[in-house]
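[1] Just the structure for this:
(chains A and B)
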Protein chains: 2
Amino acid sequence: MSGRADLSVRALVFDVFGTVVDWRSSLIGLFAEWGARTGRAADWAAIADAWRAAYVPSMDRVRRGEVDWTILDDLHRASLDALLPGFGLGDVDEPTRREFVRFWHRLRPWPDVLTGLHRLRDKYLLGTLSNGNVGLLARLAKSASLPFDIILGGDLFRHYKPDPQTYRGACGLLNLEPAEVMLVAAHNGDLAAARAEGLATGFVPRRGEYGPHQTGDLAASAAWDVVADDFTDLAARLGA
Amino acid sequence: MSGRADLSVRALVFDVFGTVVDWRSSLIGLFAEWGARTGRAADWAAIADAWRAAYVPSMDRVRRGEVDWTILDDLHRASLDALLPGFGLGDVDEPTRREFVRFWHRLRPWPDVLTGLHRLRDKYLLGTLSNGNVGLLARLAKSASLPFDIILGGDLFRHYKPDPQTYRGACGLLNLEPAEVMLVAAHNGDLAAARAEGLATGFVPRRGEYGPHQTGDLAASAAWDVVADDFTDLAARLGA
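    Numbers count the residues shown, from 1 in each chain, chains lettered A, B, ... in the order given. Have a look, this model is predicted:
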C-alpha cells in the first residue's frame, strides 16, 4: 500500500455478504436446523445456491427500472417464493417464509472477522457498505456482535452496488473525501467500481464463499491498494 | 406503560444532544482545555450557550427553504463564525475553527447512559434519531463507546426533527411499524411530534441540560408511554 493512501484513509467500509459473513454455510446450517425441527428434508446447499443466484438478477431488475426501488429483504422474499416449489417446499407457510428471509439477518462471520475488526476499529471508523437494507444489516451486525460504527446499505442511496451513487453516497454520509475511504471486499468487481469513484481498495479473498467449486474472485485481479489474506492480515497491513 | 406498547416495541431510537450527551458541560470543558493549552480566556459557558442557541434558528432556515439542505456540522460552523467575534475570538484561525466544530463529535454522555444502553441493547435494537449528520453521530458514538446498533441522523432524510419525515423515515429504515419504535428524548416537543406519527414515546428529564437556570422540559408535559428518571430507570421500566 502506498504511503499516501496509508496516511489518508480514515474509514473502512466493508462489503458484507461473502466478505464479512459466510452466507452459504450459514444458510445451509439455518435451513438444516429448521428441517431437523420440522421433519422436512431438502437439498439445503442447492437451495442456498439457488437463492443467492437470484440476487444479482433481482437487483438488476431494480437497476434497469423494471421494478421500483425494492429493499433486499423484499427481493429475497420474491426470489424465495419463486424457488421453493422447485425444491418440494411449495407448501411452506407464510410465517416460515418470513423466518427464512430473516435467516439473512443471522449470517455468521468468517472466523477471522471479529479479531480483525476489533483491531481495525481502534484506528479507523468502520462501516458496512452493502446492498443489504440497513434494517437487515443492523440486525445481522448485532446478531454477530460485529463492531461497526455505522451501517450503510443500499436503501440509503436507493441504488445497488456497483452503481456509483452507493460509493459516492457513502463518502458523503461519512463526511470524507473518496481517498479517505477504503472499500474492503472479496469481489474484484465491487473494488473496481469503488476505485472508479476514487475510493481506496482492499481485497480479501473468500475462496469458499460459493462452496468447494468456486471459480471467480479467487485472487486479486488488479493492483488494489491492499491485498490481504484475511481480516487479521488486513489489520496488520494497515498498521492496526 | 401499556401492556400493548410493551409487547410491540422492538427498537428504541434516541434523541442525542441533551438526551444522551451533556453537550453544555462537554463543550465548556473542551473549550476550557483549548484555552489552557493556548493561553486564551473567554466565558466558555456563554459561548456554549450562544452556540446552542443558534441551533434551532439555523435548522429553521433550512426547514423554511431559505437555504439548501445543510448538515449540522456545517450549520455549527456557520453559527460559530458568527459568534466568535462577540467573544473576543474573531482572530481564531481556520484549523482551530474546524477543531471547535469537531467538539460536537466528542461530547460526553450523562452518567447513567452507558449502563442503561448496555441493559437495553439485549432486548431492543438501539439507534440514534438525531438532527446530527450521521458522520458526526458515528464519531460521537465511537468516541463515547455508545453501543448503538444503527446511526440515524438528519442527513438520511434531508429533514430536521420535528419534521414528520424524520420519524417516519426512521421507522422505514428500521423496517418496523411506528408502534414498534419508541423515541426516547428529554424534550417534550420531540416526543409530541413522534407520537403524531404513531411512534411510542419515552421521556427522560435532563434538568441540567441548559445549565442551572433551565426552565423548559423539567418534567413530562403529556402522558408519554414511559416516563423514567434516567436511562437505568428506563431499562428497568422496559423490563431490560
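
[2] Need the distance between the two termini of stretch A:52-70.
    17 Å (CA to CA, to the nearest Å).

[3] do that stretch and chain B meet?
    No - if you take CB under 8 Å from any CB of the partner chain as the test, stretch A:52-70 misses chain B, and the best it gets is 11.6 Å. Bear in mind the C-beta positions are built from the backbone N, C-alpha and C, glycine included.

[4] Count residues in the vicinity of the residue nearest to A:D112 when sequence neighbours are not counted, would you?
    Using CB to CB, 6 or more residues apart in numbering or on different chains and skipping the chain neighbours, the partner closest in space to A:D112 is A:D230 (3.9 Å). By the measure other CB atoms under 10 Å in any protein chain shown, the count of residues near A:D230 is 16.

[5] Any residues of chain A in contact with chain B? List them.
    Counting by CB under 8 Å from any CB, chain A sits next to chain B at A:71, A:73, A:121, A:125, A:127, A:133-136, A:138-139, A:141-142, A:149-151, A:155-156, A:173-176.

[6] Run a quick neighbour tally on A:L218.
    11.

[7] so it is in which element?
    Using DSSP states H and E, A:L218 sits within no helix or strand.

[8] Hmm, A:G208 and it touching each other?
    No - here A:L218 does not reach A:G208: they are 10.3 Å apart, not a contact under CB atoms under 8 Å.

[9] Pull out the buried residues from stretch A:189-206.
    A:190-191, A:193-195, A:197, A:199-206 (16 or more other CB atoms under 10 Å in any protein chain shown).

[10] Take those and keep only those in strands.
    A:A200, A:T201, A:G202, A:F203 (DSSP state E).

[11] From the residues you listed, pick the one nearest A:A235.
    Minimum distance to A:A235 across those is 10.8 Å, recorded for A:G202 (CB to CB).

[12] beta partners for the closest one?
    Residues in a beta bridge with A:G202, per DSSP bridges, are A:V184, A:V226.

[13] Leaving out chain neighbours, which residue sits closest to A:F87?
    A:A42 (4.9 Å).

[14] nope, A:V16 is what I meant
    Nearest to A:V16 is A:S130, by CB to CB, 6+ apart, at 3.9 Å.

[15] any idea how far that neighbour is from chain B?
    Separation of A:S130 from chain B (CB to the nearest CB, to the nearest Å): 13 Å.

[16] show me the contacts for that residue.
    Taking CB atoms under 8 Å, 6 or more residues apart in numbering or on different chains as the criterion, A:S130 is in contact with A:F14, A:D15, A:V16, A:F17, A:L137, A:L152, A:G153, A:G154, A:K161.

[17] So in terms of bridging, what pairs with it?
    A:G153.

[18] Tell me which residues of the top helix by length along chain A come out buried.
    Longest helix in chain A, counting residues (DSSP state H): helix A:23-38. Across helix A:23-38, burial judged by 16+ other CB under 10 Å covers A:W23, A:R24, A:S25, A:S26, A:L27, A:I28, A:G29, A:L30, A:F31, A:W34.
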